[in-house]
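Colleague: Sequence plus predicted model, see below.
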Amino acid sequence: MKRFKIDYSFLLLLCIISLSPKQSIIVKLFLCLFIHEIGHLFFITLFRYKIEKLELSIFGFFLKLENTKEEFYKDFIIYFGGIFFNLILYFLIPDETMRKINLILILFNSLPIYPLDGFNIIKTSLSYFFPYRFVLKMMSIVSLFGGVAGIGISIYFKMDIFIILNATYLFFLSLEYYFKEQLLYQKFLLDKQIYKKKYPVKTIHFHTNFQNYFYKYHTIQMSIGNKFFTEEELLDTQNRIT
């Protein structure tokens, strides 16, 4: 691992723990969060993905993996790994408070809001079947609306201030993701051109805006009548256009 960083939101969480009268509950929450992240790291290690950057935040670990061939089933399992470990804790730990915390973490992390696991699980699943540009755009919109809904619901039901702050932070992360969606796609195309990873070939019909029809887990070839253009040729053409 090349770089480790602690986000300011995690330092805020430590301050809340030190000042809170409910320290025992928060420590249990902290332990459940730690096990959740161990679930992700377990499968990352199992699949021999290398971590380039690890950032510790209020929502756990943000991981950036070294540029390697990503495979659909591995990515899906890695993103589901945290929820899976919380499920194991839920059924194995007799402590009622720990069970409730794990259930809340499972439900919370299943939300389709960036950067939660539910968001990444859905994005990974859709990326196998649909062009990556479409997936990025759709998920950025879903996440943004989810963030707005989260703030509205937490305020309407007068939830704990900690929950309201979390919902607000998630909204701003979703807003940032929404505005950088196009940049993410350009980086995706650049990585495809540089690293030339081999995936199953998917044949699609010609589109005038073919730049938007590249897949994350497939190598495409585009048909025009009886003629086929490889992904490499299309990427070269896209480069000349831009």
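Modeller: The structure has been received and is ready for your questions.
Colleague: residues touching the closest residue to Tyr217 other than its chain neighbours, list them.
Modeller: Once flanking residues are discounted, Tyr217 sits nearest to Phe72: 4.6 Å by C-beta to C-beta, 6 or more residues apart in numbering. C-beta: built from backbone N, CA, C; applies to glycine. Counting by C-beta atoms under 8 Å, 6 or more residues apart in numbering, Phe72 makes contact with 124, 127-128, 217.
Colleague: can you rerun that using 10 Å?
Modeller: With contact set as C-beta atoms under 10 Å, 6 or more residues apart in numbering, Phe72 has these partners: 124-125, 127-129, 199-200, 216-218.
Colleague: Going by distance to Ile161, which of the residues you listed wins?
Modeller: Distances from Ile161 to these, taken as C-beta to C-beta, are shortest for Thr124 (33.1 Å).
Colleague: For Gln182, see how far away that closest one is.
Modeller: Using C-beta to C-beta, to the nearest Å, we find Thr124 at a distance of 20 Å from Gln182.
Colleague: wait, Asn86 sits on Asn109?
Modeller: Yes: the criterion here is C-beta atoms under 10 Å, and Asn86 meets it with Asn109 at 7.6 Å.
Colleague: overlap in contacts of the two?
Modeller: What both Asn86 and Asn109 touch, as defined by C-beta under 10 Å, 6+ apart, is the set 33, 36, 117.
Colleague: Quick check: next helix or strand after the helix or strand of the chain with the lowest mean pLDDT?
Modeller: Least confident element among the helices and strands of the chain, by mean pLDDT, DSSP states H and E: helix 8-19 (a mean of 67). Using DSSP states H and E, the next helix or strand after helix 8-19 towards the C-terminus is helix 23-46.
Colleague: And that next one, what does it pack against?
Modeller: helix 8-19, strand 51-57, strand 60-65, helix 72-92, helix 96-109, helix 117-129 (3 or more C-beta pairs under 10 Å, 6 or more residues apart in numbering; DSSP states H and E).
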